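Visitor: Predicted structure and sequence below. I'll ask about it afterward.
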Amino acid sequence: MNHSSFKLAPSILAADFARLGDEVKAVEKAGADRIHIDVMDGHFVPNLSMGEPVIRSLRPVTKLPLEVHLMITNPDAIMDEFAAAGSDTFIVHYEGNNNLHRTIQKAKQLGKKIGVAINPATSACVLDAILSEIDLVLVMTVNPGYGNQHFLSFTLDKIKKVHQMIAEKKLACEIEVDGGIIPETASQAAQAGATVFVAGTSVFKSSLGIPAAMQALLST
């Protein structure tokens, strides 16, 4: 993997929340491209996590884009609040969205980048109608809701399919992967066509320390 071609999006779900500002500063200094923030509502996924106050508190701490992954049942309802708090990018799920195109348009009206995530069991084909409308595709390589899960290898074929779809349409859409990202799986996903890697446990909880852990992910 070439440092100039691939990007890391450290997921603060695995960070030490007692030292969250310092952890974010550390990954920024180590070369992170963006900060990935997992928002969970206990309905769309079986877990609860952070909300608008965390985004607002991090905005003065870092110059990096704040990428907010909305694993919630009604993303439209909170976009205004989260945009005002300092979000730069929204990632919403294809699954369970009543009107995905309306959600995409709302993010654009707020002046934010927009990505669409698909779960492991969701076909890449569902993206065909909206691919030209979005900035990134997030291929979930685990089932969303919890950190520190094992990478699902069958999702590699889906990454290849998304890459093919983007190439055929000649789009500048990024392919991001999230779940079980360690040096070995990052390399496999990169070979399949991914360019952005969400990594939580392998960055923030690595015995190597944050800079070395990020270097390991990009150097495999």
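Guide: Structure received. Numbers count the residues shown, from 1 in each chain.

Visitor: residue contacts, Leu58?
Guide: Listed by CB atoms under 8 Å, 6 or more residues apart in numbering, the contact partners of Leu58 are 12, 20-21, 24, 35, 37, 66, 86. For glycine as for every other residue, the C-beta is placed from the backbone atoms N, C-alpha and C.

Visitor: filter those to the buried ones?
Guide: Neighbour counting over the contacts of Leu58 (16 or more other CB atoms under 10 Å) leaves 12, 20, 24, 35, 37, 66, 86 as the buried ones.

Visitor: where in this structure is pLDDT low?
Guide: Counting by pLDDT under 70, the ranges of the chain that qualify are 1-4, 220.

Visitor: Do a quick rundown of the strands in it.
Guide: Remark: strands assigned in the chain by DSSP state E are 7-10, 35-40, 66-71, 89-93, 113-118, 136-140, 174-178, 196-199.

Visitor: quick one: the longest helix belonging to the chain to strand 174-178, angle?
Guide: Secondary structure assigned by DSSP state H gives helix 155-169 as the longest helix of the chain. Counting by axes from the mean of the first three to the mean of the last three CA atoms, to 10 degrees, helix 155-169 points 170 degrees away from the direction of strand 174-178.

Visitor: if we can go back for a sec, pick the one among the contacts of Leu58 closest to Ser202.
Guide: Within the contacts of Leu58, the smallest distance to Ser202 is 13.5 Å, found for Ile12 (CB to CB).

Visitor: could I get the contacts of Leu58 as TSV with distance to Pro46?
Guide: Formatted as TSV, these follow (distance: CB to CB, whole Å):
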residue	distance to Pro46
Ile12	20
Leu20	23
Gly21	29
Val24	26
Ile35	24
Ile37	19
Leu66	25
Gly86	28
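
Visitor: Ala117: which of those residues is nearest?
Guide: Ile37 (13.4 Å).

Visitor: Beta-bridge partners for the closest residue to that closest one other than its chain neighbours, please?
Guide: Of all residues not flanking Ile37 in the chain, Val68 sits nearest, at 4.9 Å (CB to CB, 6 or more residues apart in numbering). Beta bridges link Val68 to Ile37, Phe90, judged by DSSP bridges.

Visitor: Thought Ser87 was touching Val68, still the case?
Guide: Yes - counting by CB atoms under 8 Å, Ser87 is a contact partner of Val68 at 4.5 Å.

Visitor: Please enumerate the shared neighbours of these two.
Guide: Between them, Val68 and Ser87 share these contacting residues under CB under 8 Å, 6+ apart: 37, 55.

Visitor: Compare these two (neighbour count), which wins?
Guide: Under the neighbour definition other CB atoms under 10 Å, Val68 and Ser87 were set side by side, and Val68 has more, 30 against 26.

Visitor: do you know how far the more buried one is from Lys169?
Guide: Note on Val68: its distance to Lys169, by CB to CB, to the nearest Å, is 26 Å.

Visitor: same thing with Thr89?
Guide: Counting by CB to CB, the gap from Thr89 to Lys169 is 21 Å.

Visitor: With Tyr94 instead?
Guide: From Tyr94 to Lys169 the distance is 17 Å (CB to CB).

Visitor: Just want to know which of these two has more residues nearby.
Guide: Taking neighbours as other CB under 10 Å, Tyr94 and Lys169 compare with Tyr94 leading, 17 against 11.
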